[in-house]
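> Provide a 3D model corresponding to the input given below.
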Amino acid sequence: MFMRSRKQREPKATELQSPIAESLAEGVPEHLEMPLRQWIFSILGNDEENAQKVALDLRLRVETGDVYSPARFLASGTSREQLIDVIDSMLRLSAPSNARSFSPGATRRSYLGTYASDWRGTNIEALQEMLTLGGSAYRVNEACTGLERRVDETIHQAAAGALAASRTPKAGSAAEHMATAWQRAYGRDPDPSKAYSEAIKAVESASQALIEPNNSRATLGTMLGVIRNSPQQFTTAIPAANNGDDIAVVADMMRRLWQGQTSRHGSQNPTRLETQQQAEMAVHLAATLVQWFAAGLVRRTP
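Predicted coordinates:
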């Protein structure tokens, strides 16, 4: 269960100007408050019994005046910060028994009974879309048993570090592409295909000076060809064991990013756009590669 209060981390000076720091909204921002309240009431408005179970789970005292209505209280009487807890509880208590962890001897059923099957599914999809479009730092977890952070704080810091490291002449426009990729993956106007494309451009910009400095039209594809033909020309800060191929892990990461983009070219078959999850993975993968190249952790063999 989510904690009732959180101390907001003071951003570092280097983060204040970073698009990465500005892209995800903590808690419940103003523009998400009413949509989330309406979502809660659309589900609990006609089910006071289960609304009371959610209130009990959160240890909330229901205060609605003359008419006792846990549903109305949860949807409109709670603070903005508590809405995340309410939604998390609704998802967890309504989850099928095989999707949740139980203590020994616990009754294996949904706490909200058959009520769960009446609203799970399309309503959860609508919630997920709402959180994504609103730039929330939270999303519905894969099992739909609660909310989770879209980006772990460690990953958030790594992406900010990659952006800072790529602001060097030899990295070209990597910083701009990296910032756009992050915003298109996590910002208020998500565009998975654009995020994926910009992630590739970021890696191309950061790695060209090292791998193909004399090819102004270099792509990940052409650079992978150079590495494949002359792997001995490259090394990394951590040498491979037993005199192995130092650059292999870098090439594998670049290849995964390159081959994973399904919308790059047209064909006889319908073009399949990248999904949100694919875009997020591409951005995280690109952040690591960009930082390695920009920081000189991948280099030419002496």
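> can you give me the strands in this protein?
All strands of the chain, identified by DSSP state E, fall at 138-140, 147-149, 234-236, 298-300.
> could you pull out the helices for the chain?
Per DSSP state H, the chain carries helices over the ranges 19-23, 30-44, 48-57, 70-72, 83-94, 115-119, 122-133, 153-165, 174-186, 192-211, 220-229, 248-259, 276-294.
> in the chain, which helix or strand is least confident?
Ranked by mean pLDDT, DSSP states H and E, the weakest helix or strand in the chain is helix 115-119, scoring a mean of 56.
> quick one, phi/psi of Ile247?
Main-chain torsions, Ile247, degrees, to the nearest 10: phi -90, psi 0.
> where in this protein is pLDDT low?
1-23, 97-119, 152-157, 188-189, 264-271 (pLDDT under 70).
> Got the domain ranges for it?
19-149, 153-300 (automatic domain parsing).
> can you put those domains in CSV and add mean neighbour count?
(Each C-beta comes from the backbone N, C-alpha and C, glycine too.) Formatted as CSV, the domains of the chain follow (neighbours: other C-beta atoms under 10 Å):
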stretch, mean neighbour count
domain 19-149, 17
domain 153-300, 18
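> Distance to Thr168 added to the strands of the chain, as a markdown table?
Converted to a markdown table, the strands of the chain look like this (distance: least, C-beta to C-beta, whole Å):
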| stretch | distance to Thr168 |
| --- | --- |
| strand 138-140 | 33 |
| strand 147-149 | 30 |
| strand 234-236 | 19 |
| strand 298-300 | 14 |
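> Between those strands, which one is closest to Ser263.
Ser263 lies closest, by C-beta to C-beta, to one member of the strands of the chain: strand 138-140, at 22.7 Å.
> Within its sheet, name the partner strands of that closest one and how each one runs.
Next to strand 138-140 in the sheet, as set by DSSP bridges, lie strand 147-149 (antiparallel).
> ok, now which ones touch Leu220?
Shown in contact with Leu220 (C-beta atoms under 8 Å, 6 or more residues apart in numbering): Ile200, Val203, Glu204, Met254, Leu257, Trp258.
> Quick check: closest non-adjacent residue to the last one.
If the residues on either side of it in the chain are set aside, Trp258 comes closest to Leu220, at 4.2 Å by C-beta to C-beta, 6 or more residues apart in numbering.
> next one: phi and psi at Gly296?
phi 80, psi 20.
> Spatially central residue for the protein, please.
Most central in the chain under C-alpha atoms, centre = their mean is Arg150, positioned 3.8 Å from the mean C-alpha point.
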